[in-house]
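Undergrad: Sequence first, then the predicted structure, then my questions.
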Amino acid sequence: MKAATFSSYALIIAFLLGGAVSGAKGVQMTTLLIPSENTAQGDMVGVRFIDLKYTPGSPISKQLAGKTENVRFTLNASDPAMAKIVSIINSDIASQKKSPVRFSNATLVYTGQIRGDPDSATLSYKVDIKPNISNFVLDKNNQGTVVDLDWRGFLIDEPLYVNVPKYGNMSINYPIGLLQATHPDLAKQFLASGSSSVMKNPLLNFQDVAKSMDSWHFLFDPTGSQAGAAGFKEVGGARAVSIYSLGESSFREGTMTETTSDTSANIGGSPVAVHSSTPPPSAQIQITGFSNIRKSGNNELAFVSDKAPEGTVTATGGFPIQVLLVLGGMMGAVAVFVLLKARK
């Protein structure tokens, strides 16, 4: 396992250093907030891997060995199940974060894969939600605009069932949902043998993105020239943009590491080791205009103005575009990691 993990990360690093970041896409959370319009487009992704280790020839080995099964579907904004999911997210943002932010017109893409070998299997998950975001502007006057940032770290702690053709009612938020849809007998045994802590650990958990904004890198692009090199386009009447990025480990920001959990199960009378891993968090928030982070108690706010104080470059001491591009590449790294892990 350690050798495979090292190899995967080595390939990711090679991918980044090779400069293949032009098509990179934010993972965990990416959004561009436009205070003048109080609207934004968001992209939030939950990724998880569960590795199963078992004895060759055991009952679970006979079911999974040599199989590759994929479950993938899309929910559009008009789907009643999607409307219910958005309602639950909005309720959780309001109750957990005390935020007025609301999601709407969201789409969701679920991708799950089971790949089995004689002595092991890997379950891979990716849940991608793309909502419209509104109501993040808390106040607006001649001095500038106050933007709420607390909404970003919400947790959806319920199964979120949707009706999937061929598979029926399926949970998209609990890892066990993939097994319940494809191997219901195995799913029952996993839940009955004490592995529910892993199998019911929500995929849509963005609490790591709630790390203090002090731990995010900040780049202010006063002309749009640097951000334009990374694909930024003038929007909302403002060319300048403030860019906050989470995901690069450093002495100041600390080390971003994957989250792991281990447990065991008894399937058909044979032991199964269960290892869960979630890649390190990555996120990027772009805000049109010059933004300055302020704290009010436990709340974090962005004060946004059209112009920055004279001489302002960045809050972290100078940040060339090469670093911004690397951050963009790092946010694409989880997507690459999904592909590498699925093909192991």
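TA: Arrived safely, thanks for sending.

Undergrad: separation between Ile60 and Val71?
TA: Distance, Ile60 to Val71, by C-beta to C-beta, to the nearest Å: 19 Å. (Each C-beta comes from the backbone N, C-alpha and C, glycine too.)

Undergrad: One more: Ala273?
TA: Relative to Val71, and taking C-beta to C-beta, Ala273 is found at 24 Å.

Undergrad: Looking at the two, which one has more neighbours?
TA: A count of neighbours by other C-beta atoms under 10 Å puts Val71 above the other of Ala273 and Val71, at 19 against 14.

Undergrad: wait, doesn't that one sit right on Gln180?
TA: No: the criterion here is C-beta atoms under 8 Å, and Val71 misses it with Gln180 at 10.8 Å.

Undergrad: Need the residues touching each of those two.
TA: Applying C-beta atoms under 8 Å, 6 or more residues apart in numbering, one finds that Val71 and Gln180 are jointly contacted by Met170.

Undergrad: Next up, phi/psi of Leu191, please.
TA: Leu191 adopts backbone torsions of phi -70, psi -30, taken as degrees, to the nearest 10.

Undergrad: any idea how far His183 is from it?
TA: For Leu191, the distance to His183 - C-beta to C-beta - is 12 Å.

Undergrad: go on, Gln286?
TA: Counting by C-beta to C-beta - Gln286 and His183 are separated by 42 Å.

Undergrad: neighbour count winner among these two?
TA: The residue with more neighbours, out of Gln286 and His183, is Gln286; 23 against 18, by other C-beta under 10 Å.

Undergrad: what about that one, which SS state?
TA: strand (DSSP: H, G, I helix; E, B strand; the rest coil).

Undergrad: pLDDT below threshold where in the chain?
TA: 1-27, 223-239, 248-255, 308-344 (pLDDT under 70).

Undergrad: so where do the helices sit in it?
TA: For the chain, the helices defined by DSSP state H cover 2-17, 59-64, 80-97, 176-182, 184-192, 196-199, 225-229, 321-342.

Undergrad: in the fifth one, what's buried?
TA: By neighbour count, and taking 16 or more other C-beta atoms under 10 Å as the criterion, the buried residues in helix 184-192 are Leu186, Ala187, Gln189, Phe190, Leu191.

Undergrad: What is the most widely separated pair among those residues?
TA: Across the buried residues of helix 184-192, no pair lies farther apart than Leu186 and Leu191, at 9.8 Å, counting by C-beta to C-beta.

Undergrad: I figured Ala81 hits Val164, correct?
TA: No: taking contacts as C-beta under 8 Å, Ala81 lies outside contact range of Val164: 9.4 Å.

Undergrad: roughly how far apart are the residue nearest the centre of the chain and Met256?
TA: The chain has Gln28 as the residue nearest its centroid, 1.8 Å off, counting by C-alpha atoms, centre = their mean. The gap separating Gln28 from Met256 is 10 Å, by C-beta to C-beta.

Undergrad: and what of Ile243?
TA: From Ile243 to Met256 the distance is 18 Å (C-beta to C-beta).

Undergrad: and the two? which has more neighbours close in?
TA: Ile243 (25 against 18).

Undergrad: count of neighbours near the closest residue to the more buried one other than its chain neighbours?
TA: Nearest residue to Ile243 in three dimensions, chain neighbours excluded: Leu219, at 4.5 Å (C-beta to C-beta, 6 or more residues apart in numbering). Using other C-beta under 10 Å, Leu219 has 24 other residues around it.
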